[in-house]
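**Student:** one predicted model, sequence on top.
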Amino acid sequence: MTKGNPLRSNSGRMTDVSPIADFFGRDRDRILTGTKVNTLIRGSMKRYLDRRGFLEINPVIISPISDPLNHPVDDPTLSYYGHKYRLTKSMIFHKQLALVHFDRIYSFSPNIRIEPIERKNTGRHLAEFTQLDLEVKGKGRDFVMALAEGMIDDAIVRVKGSIDSEKLNPYLRKYKRPFRRMKFLDAVSEYGKSFETVMSSEAKEPFWIIDIPLEEREFYDREKDEEAGILMDMDLVYPHGYGEAISGGEREYEYERIVSRIHRKGQREQDYSLLLEAARRGIPSSAGFGIGIERFVRFLTGSEDISQVVLFPKKIGEYVL
(Lines give C-alpha, C1' and ligand atoms only; values in the text may rest on other atoms or scores of the structure.)
Protein backbone atom coordinates (compact mmCIF):
# COMPACT_ATOMS: atom_id res chain seq x y z
CA MET A 1 0.00 0.00 0.00
CA THR A 2 1.34 3.44 -0.89
CA LYS A 3 1.19 6.82 0.74
CA GLY A 4 -2.30 8.25 0.75
CA ASN A 5 -3.95 4.87 1.39
CA PRO A 6 -4.48 4.79 5.14
CA LEU A 7 -4.03 1.67 7.19
CA ARG A 8 -5.38 0.99 10.64
CA SER A 9 -2.63 0.16 13.10
CA ASN A 10 -2.96 -2.51 15.79
CA SER A 11 -3.81 0.27 18.25
CA GLY A 12 -6.67 1.43 16.04
CA ARG A 13 -4.93 4.67 15.09
CA MET A 14 -5.07 5.57 11.39
CA THR A 15 -1.70 5.81 9.67
CA ASP A 16 -0.90 7.37 6.31
CA VAL A 17 1.89 5.03 5.25
CA SER A 18 2.28 1.28 5.46
CA PRO A 19 5.40 0.45 7.50
CA ILE A 20 6.44 -1.85 4.66
CA ALA A 21 6.11 0.96 2.11
CA ASP A 22 8.12 3.18 4.43
CA PHE A 23 10.80 0.51 4.79
CA PHE A 24 11.19 0.03 1.04
CA GLY A 25 11.45 3.81 0.61
CA ARG A 26 14.31 4.25 3.08
CA ASP A 27 17.59 5.92 2.09
CA ARG A 28 19.80 2.86 1.58
CA ASP A 29 23.11 4.73 1.72
CA ARG A 30 22.26 6.35 5.05
CA ILE A 31 21.18 3.06 6.59
CA LEU A 32 24.25 1.29 5.23
CA THR A 33 26.59 3.91 6.68
CA GLY A 34 24.76 3.87 10.00
CA THR A 35 24.92 0.08 10.19
CA LYS A 36 28.63 0.01 9.33
CA VAL A 37 29.36 2.61 12.00
CA ASN A 38 27.20 0.70 14.49
CA THR A 39 29.20 -2.47 13.77
CA LEU A 40 32.52 -0.65 14.11
CA ILE A 41 31.77 1.02 17.43
CA ARG A 42 30.40 -2.15 19.00
CA GLY A 43 33.58 -3.97 18.02
CA SER A 44 35.77 -1.10 19.22
CA MET A 45 33.99 -0.82 22.58
CA LYS A 46 34.10 -4.57 23.12
CA ARG A 47 37.81 -4.70 22.36
CA TYR A 48 38.50 -1.69 24.61
CA LEU A 49 36.67 -3.23 27.58
CA ASP A 50 37.87 -6.80 27.05
CA ARG A 51 41.47 -5.57 27.20
CA ARG A 52 40.73 -3.95 30.57
CA GLY A 53 39.43 -7.06 32.25
CA PHE A 54 35.70 -6.67 31.63
CA LEU A 55 33.39 -9.62 31.05
CA GLU A 56 30.40 -9.35 28.71
CA ILE A 57 27.13 -10.59 30.20
CA ASN A 58 23.95 -11.40 28.33
CA PRO A 59 21.28 -8.69 28.32
CA VAL A 60 18.17 -9.09 30.44
CA ILE A 61 15.00 -8.58 28.39
CA ILE A 62 12.27 -9.22 31.00
CA SER A 63 12.46 -9.16 34.78
CA PRO A 64 10.32 -8.49 37.88
CA ILE A 65 12.53 -5.42 38.52
CA SER A 66 13.59 -2.66 36.14
CA ASP A 67 14.72 0.95 36.20
CA PRO A 68 11.96 3.24 37.56
CA LEU A 69 13.44 6.19 35.58
CA ASN A 70 12.96 9.77 36.67
CA HIS A 71 10.50 10.75 33.95
CA PRO A 72 7.15 9.20 33.02
CA VAL A 73 7.04 6.40 30.47
CA ASP A 74 4.49 3.68 29.85
CA ASP A 75 5.46 0.54 31.76
CA PRO A 76 4.22 -2.53 29.87
CA THR A 77 4.02 -5.73 31.91
CA LEU A 78 3.48 -9.39 31.05
CA SER A 79 2.62 -12.53 32.92
CA TYR A 80 5.58 -14.86 33.38
CA TYR A 81 4.30 -18.12 34.87
CA GLY A 82 1.95 -16.19 37.10
CA HIS A 83 4.43 -13.47 38.06
CA LYS A 84 4.36 -9.84 36.92
CA TYR A 85 7.38 -9.04 34.74
CA ARG A 86 8.48 -5.82 33.06
CA LEU A 87 10.33 -5.10 29.86
CA THR A 88 13.83 -3.79 30.51
CA LYS A 89 14.12 -0.01 30.63
CA SER A 90 17.74 -0.35 31.72
CA MET A 91 19.87 -3.04 33.37
CA ILE A 92 20.85 -0.89 36.35
CA PHE A 93 19.81 -3.38 39.05
CA HIS A 94 21.15 -6.39 37.16
CA LYS A 95 24.49 -4.62 36.72
CA GLN A 96 24.75 -4.15 40.47
CA LEU A 97 23.76 -7.76 41.12
CA ALA A 98 26.27 -9.06 38.57
CA LEU A 99 29.08 -7.58 40.67
CA VAL A 100 28.26 -10.05 43.45
CA HIS A 101 30.10 -12.56 41.24
CA PHE A 102 32.25 -10.43 38.90
CA ASP A 103 34.45 -7.34 39.18
CA ARG A 104 33.84 -5.60 35.84
CA ILE A 105 30.96 -6.24 33.47
CA TYR A 106 29.29 -4.82 30.37
CA SER A 107 26.32 -5.69 28.20
CA PHE A 108 24.87 -4.48 24.92
CA SER A 109 21.43 -4.13 26.43
CA PRO A 110 18.20 -3.58 24.47
CA ASN A 111 15.97 -1.06 26.26
CA ILE A 112 12.25 -0.43 25.82
CA ARG A 113 10.99 3.01 26.84
CA ILE A 114 7.55 4.05 25.63
CA GLU A 115 8.36 7.76 25.77
CA PRO A 116 5.81 10.59 25.89
CA ILE A 117 4.69 11.77 22.46
CA GLU A 118 6.32 15.15 23.18
CA ARG A 119 9.69 13.50 22.50
CA LYS A 120 8.70 12.52 18.97
CA ASN A 121 10.63 15.30 17.22
CA THR A 122 13.78 15.59 19.33
CA GLY A 123 15.83 13.68 16.77
CA ARG A 124 17.44 11.56 19.50
CA HIS A 125 14.66 9.44 21.08
CA LEU A 126 13.49 5.98 20.09
CA ALA A 127 11.10 3.66 21.93
CA GLU A 128 13.57 0.78 21.44
CA PHE A 129 17.32 1.28 21.58
CA THR A 130 20.55 -0.34 22.73
CA GLN A 131 22.80 0.80 25.54
CA LEU A 132 26.31 -0.34 26.22
CA ASP A 133 25.82 -0.69 29.98
CA LEU A 134 28.84 -1.25 32.22
CA GLU A 135 29.56 -1.40 35.93
CA VAL A 136 32.77 -1.66 37.96
CA LYS A 137 33.08 -2.97 41.52
CA GLY A 138 34.85 -0.82 44.10
CA LYS A 139 35.54 2.12 41.78
CA GLY A 140 34.25 5.68 41.75
CA ARG A 141 32.95 8.26 39.34
CA ASP A 142 36.35 9.53 38.19
CA PHE A 143 37.39 6.02 37.15
CA VAL A 144 34.38 5.38 34.92
CA MET A 145 34.50 8.90 33.45
CA ALA A 146 38.10 8.37 32.33
CA LEU A 147 37.10 4.94 31.00
CA ALA A 148 34.29 6.47 28.95
CA GLU A 149 36.52 9.17 27.48
CA GLY A 150 39.10 6.65 26.34
CA MET A 151 36.47 4.31 24.92
CA ILE A 152 34.81 7.10 22.92
CA ASP A 153 38.07 8.38 21.49
CA ASP A 154 39.12 4.85 20.56
CA ALA A 155 35.83 4.30 18.71
CA ILE A 156 36.16 7.63 16.87
CA VAL A 157 39.66 6.74 15.66
CA ARG A 158 38.43 3.39 14.36
CA VAL A 159 35.42 4.88 12.58
CA LYS A 160 37.46 7.67 10.97
CA GLY A 161 39.96 5.09 9.75
CA SER A 162 37.27 2.89 8.18
CA ILE A 163 34.52 5.17 6.77
CA ASP A 164 34.84 7.83 4.07
CA SER A 165 34.98 11.24 5.70
CA GLU A 166 32.15 12.66 3.57
CA LYS A 167 29.79 10.15 5.22
CA LEU A 168 30.73 11.28 8.74
CA ASN A 169 30.12 14.29 10.95
CA PRO A 170 32.45 16.98 9.52
CA TYR A 171 33.37 18.12 13.04
CA LEU A 172 34.43 14.65 14.13
CA ARG A 173 37.90 14.29 15.62
CA LYS A 174 39.79 12.80 18.51
CA TYR A 175 39.10 14.99 21.53
CA LYS A 176 41.45 16.33 24.16
CA ARG A 177 41.18 14.52 27.47
CA PRO A 178 40.06 14.91 30.18
CA PHE A 179 36.81 16.42 28.95
CA ARG A 180 35.57 19.63 30.55
CA ARG A 181 33.36 19.32 33.64
CA MET A 182 30.63 21.62 34.97
CA LYS A 183 28.43 21.18 38.02
CA PHE A 184 24.69 20.88 37.34
CA LEU A 185 23.69 23.87 39.49
CA ASP A 186 26.41 26.05 37.94
CA ALA A 187 25.09 25.15 34.49
CA VAL A 188 21.53 26.07 35.51
CA SER A 189 22.75 29.36 36.97
CA GLU A 190 24.66 30.30 33.83
CA TYR A 191 22.42 28.94 31.08
CA GLY A 192 18.98 28.35 32.63
CA LYS A 193 16.89 25.19 32.90
CA SER A 194 17.51 24.33 29.23
CA PHE A 195 21.26 24.44 29.79
CA GLU A 196 21.94 21.10 28.10
CA THR A 197 20.46 22.26 24.79
CA VAL A 198 22.25 25.61 24.90
CA MET A 199 25.59 24.23 26.02
CA SER A 200 25.51 21.35 23.54
CA SER A 201 24.79 23.76 20.66
CA GLU A 202 27.70 26.02 21.67
CA ALA A 203 30.23 23.30 22.50
CA LYS A 204 32.97 22.13 20.14
CA GLU A 205 33.99 19.16 22.31
CA PRO A 206 32.13 16.72 24.57
CA PHE A 207 31.69 17.85 28.18
CA TRP A 208 30.48 16.46 31.49
CA ILE A 209 27.69 17.67 33.74
CA ILE A 210 28.41 16.45 37.29
CA ASP A 211 26.99 16.69 40.82
CA ILE A 212 23.35 16.32 39.84
CA PRO A 213 20.62 17.17 42.41
CA LEU A 214 18.77 14.28 44.01
CA GLU A 215 15.37 15.29 42.61
CA GLU A 216 16.71 15.02 39.05
CA ARG A 217 17.66 11.37 39.33
CA GLU A 218 16.55 7.94 40.49
CA PHE A 219 16.91 6.56 44.02
CA TYR A 220 19.79 4.22 43.21
CA ASP A 221 22.43 6.90 42.48
CA ARG A 222 24.71 7.66 45.40
CA GLU A 223 24.22 10.82 47.43
CA LYS A 224 27.37 12.67 48.45
CA ASP A 225 28.32 12.15 52.08
CA GLU A 226 29.59 15.70 52.39
CA GLU A 227 26.88 17.46 50.39
CA ALA A 228 23.27 16.47 51.10
CA GLY A 229 20.96 16.41 48.11
CA ILE A 230 23.75 16.17 45.53
CA LEU A 231 24.53 12.91 43.76
CA MET A 232 27.82 11.40 42.56
CA ASP A 233 26.35 11.39 39.05
CA MET A 234 27.46 12.55 35.65
CA ASP A 235 26.11 13.06 32.14
CA LEU A 236 28.29 13.33 29.07
CA VAL A 237 26.94 15.72 26.43
CA TYR A 238 27.92 15.69 22.76
CA PRO A 239 28.94 18.98 21.10
CA HIS A 240 27.32 20.68 18.07
CA GLY A 241 23.79 20.22 19.43
CA TYR A 242 23.69 16.42 19.63
CA GLY A 243 22.73 16.34 23.30
CA GLU A 244 23.16 13.67 25.97
CA ALA A 245 25.52 10.80 25.28
CA ILE A 246 26.10 9.05 28.61
CA SER A 247 24.38 8.91 31.97
CA GLY A 248 25.87 7.28 35.04
CA GLY A 249 27.51 7.62 38.41
CA GLU A 250 28.18 5.89 41.69
CA ARG A 251 25.48 3.67 43.23
CA GLU A 252 23.80 3.33 46.57
CA TYR A 253 24.55 -0.15 47.89
CA GLU A 254 23.83 -0.02 51.64
CA TYR A 255 20.38 -1.26 52.67
CA GLU A 256 19.37 1.63 54.94
CA ARG A 257 20.48 4.27 52.44
CA ILE A 258 18.53 2.59 49.63
CA VAL A 259 15.38 2.42 51.77
CA SER A 260 15.75 6.09 52.74
CA ARG A 261 16.19 7.12 49.11
CA ILE A 262 13.13 5.11 48.01
CA HIS A 263 11.03 6.95 50.58
CA ARG A 264 12.46 10.36 49.64
CA LYS A 265 11.54 9.73 46.00
CA GLY A 266 7.96 8.93 47.06
CA GLN A 267 8.21 5.30 45.96
CA ARG A 268 7.22 2.05 47.67
CA GLU A 269 9.57 -0.46 49.27
CA GLN A 270 7.47 -3.39 48.05
CA ASP A 271 8.13 -2.47 44.43
CA TYR A 272 11.85 -3.04 45.01
CA SER A 273 11.69 -5.94 47.48
CA LEU A 274 14.11 -8.06 45.45
CA LEU A 275 16.70 -5.28 45.31
CA LEU A 276 16.31 -4.71 49.05
CA GLU A 277 16.72 -8.43 49.75
CA ALA A 278 19.97 -8.33 47.75
CA ALA A 279 21.15 -5.26 49.65
CA ARG A 280 20.49 -7.01 52.97
CA ARG A 281 22.64 -9.92 51.79
CA GLY A 282 25.31 -7.48 50.60
CA ILE A 283 25.96 -5.90 47.21
CA PRO A 284 29.26 -4.15 46.49
CA SER A 285 29.96 -0.48 45.99
CA SER A 286 30.22 0.37 42.31
CA ALA A 287 30.08 2.95 39.56
CA GLY A 288 29.03 2.69 35.95
CA PHE A 289 27.20 4.24 33.05
CA GLY A 290 25.16 3.58 29.93
CA ILE A 291 25.89 4.97 26.48
CA GLY A 292 23.24 4.86 23.77
CA ILE A 293 24.62 3.08 20.71
CA GLU A 294 22.20 4.64 18.22
CA ARG A 295 22.82 8.14 19.59
CA PHE A 296 26.56 7.59 19.21
CA VAL A 297 25.99 6.52 15.59
CA ARG A 298 23.87 9.62 15.02
CA PHE A 299 26.66 11.84 16.34
CA LEU A 300 29.41 10.09 14.39
CA THR A 301 27.50 10.32 11.12
CA GLY A 302 26.25 13.86 11.72
CA SER A 303 22.65 12.77 11.14
CA GLU A 304 19.77 15.09 11.94
CA ASP A 305 17.49 12.33 13.20
CA ILE A 306 18.41 9.10 14.94
CA SER A 307 15.90 7.14 12.83
CA GLN A 308 17.88 7.90 9.67
CA VAL A 309 20.72 5.57 10.68
CA VAL A 310 18.74 2.70 12.26
CA LEU A 311 17.39 -0.13 10.11
CA PHE A 312 14.17 -0.72 12.08
CA PRO A 313 13.69 2.45 14.16
CA LYS A 314 10.90 2.40 16.73
CA LYS A 315 9.91 6.02 16.17
CA ILE A 316 7.96 7.67 18.97
CA GLY A 317 4.22 7.63 18.32
CA GLU A 318 4.40 5.84 14.94
CA TYR A 319 3.25 2.48 13.61
CA VAL A 320 6.52 0.88 12.55
CA LEU A 321 8.11 -2.49 11.90
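**Tutor:** Right, received. Where do you want to start? As the structure is a computational prediction, the values presented were derived from the model and not from experiment.

**Student:** can you show me the helices along the chain?
**Tutor:** In the chain, the helices defined using DSSP state H lie at 19-24, 28-50, 92-98, 141-160, 184-191, 195-202, 255-264, 273-281, 293-301.

**Student:** and of the ones you listed, who's closest to K176?
**Tutor:** Nearest to K176 among those is helix 141-160 (9.4 Å), distances taken as Cβ to Cβ. For the C-beta atoms, the positions are set from N, CA and C on the backbone; glycine is no exception.

**Student:** pull out the buried positions in the closest one.
**Tutor:** The neighbour-count criterion (16 or more other Cβ atoms under 10 Å) identifies 141, 144-145, 147-149, 151-156, 158-160 as the buried residues of helix 141-160.

**Student:** ok, and the closest non-adjacent residue to E215?
**Tutor:** G229 (8.0 Å; Cβ to Cβ, 6 or more residues apart in numbering).

**Student:** that neighbour: what's it in contact with?
**Tutor:** 213-215, 223 (Cβ atoms under 8 Å, 6 or more residues apart in numbering).

**Student:** try K265
**Tutor:** Contacts of K265 (Cβ under 8 Å, 6+ apart): 68, 218-219.

**Student:** please apply the same query to F24.
**Tutor:** Going by Cβ under 8 Å, 6+ apart, F24 touches no other residue.

**Student:** please apply the same query to T197.
**Tutor:** 241, 243.

**Student:** picking that back up, out of the contacts of G229, which are buried?
**Tutor:** For the contacts of G229, buried by 16+ other Cβ under 10 Å: 214, 223.

**Student:** before we move on, back to that, can I get the helices of the chain in JSON lines including mean pLDDT and distance to S247?
**Tutor:** Shown next, in JSON lines, are the helices of the chain (pLDDT from 0 to 100; distance: least, Cβ to Cβ, whole Å):
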{"stretch": "helix 19-24", "mean pLDDT": "95", "distance to S247": "30"}
{"stretch": "helix 28-50", "mean pLDDT": "98", "distance to S247": "16"}
{"stretch": "helix 92-98", "mean pLDDT": "97", "distance to S247": "10"}
{"stretch": "helix 141-160", "mean pLDDT": "98", "distance to S247": "11"}
{"stretch": "helix 184-191", "mean pLDDT": "98", "distance to S247": "12"}
{"stretch": "helix 195-202", "mean pLDDT": "97", "distance to S247": "11"}
{"stretch": "helix 255-264", "mean pLDDT": "96", "distance to S247": "17"}
{"stretch": "helix 273-281", "mean pLDDT": "97", "distance to S247": "19"}
{"stretch": "helix 293-301", "mean pLDDT": "98", "distance to S247": "11"}
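
**Student:** name the nearest residue to F207, sequence neighbours excluded.
**Tutor:** Leaving aside its chain neighbours, F207 sits nearest to R180 (4.3 Å; criterion: Cβ to Cβ, 6+ apart).

**Student:** typed the wrong thing, it's P76
**Tutor:** For P76, ignoring the flanking residues on the chain, the nearest one in space by Cβ to Cβ, 6+ apart is L87 at 5.5 Å.

**Student:** who does the one you found bridge with?
**Tutor:** L87 has these beta-bridge partners by DSSP bridges: I62.

**Student:** what does the pLDDT read for the residue lying closest to Y106 once chain neighbours are set aside?
**Tutor:** Counting by Cβ to Cβ, 6+ apart, the nearest residue to Y106 once its immediate chain neighbours are dropped is L134, at 3.9 Å. Reported pLDDT at L134 in the predicted model: 98.

**Student:** please tell me how far V100 sits from E250.
**Tutor:** 17 Å (Cβ to Cβ, to the nearest Å).

**Student:** returning to that earlier point: figure out which of the helices of the chain is closest to V60.
**Tutor:** Closest among the helices of the chain, once you apply Cβ to Cβ, is helix 92-98, at 4.9 Å.

**Student:** give me the residues contacting the closest one.
**Tutor:** Contacts for helix 92-98 (Cβ under 8 Å, 6+ apart): 57, 60, 63, 65-67, 105, 107, 133-135, 218, 220, 251, 253, 275, 278, 283-284, 286, 288.

**Student:** over to stretch 57-70?
**Tutor:** With contact meaning Cβ under 8 Å, 6+ apart, stretch 57-70 is reached by 78, 80, 83-94, 98, 102, 105-110, 113, 216-219, 265, 267, 271-272, 274-275.

**Student:** ditto for stretch 278-287
**Tutor:** 95-97, 99-100, 135-141, 143-144, 232, 248-251, 253-255, 258.

**Student:** ChimeraX command to pick out the buried ones of these?
**Tutor:** Buried residues among the contacts of stretch 278-287 (16+ other Cβ under 10 Å), as a ChimeraX selection:
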select :95,96,97,99,135,136,137,139,141,144,232,248,249,250,251,253,255,258
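
**Student:** ok, back up a step: which of the contacts of helix 92-98 fall in strands?
**Tutor:** If you go by DSSP state E, those have 63, 105, 107, 133-135, 286, 288 in strands.

**Student:** adding distance to I316, write the residues you listed out as TSV.
**Tutor:** Below are these laid out as TSV (distance: Cβ to Cβ, whole Å):
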residue	distance to I316
S63	24
I105	30
S107	24
D133	22
L134	27
E135	28
S286	32
G288	27
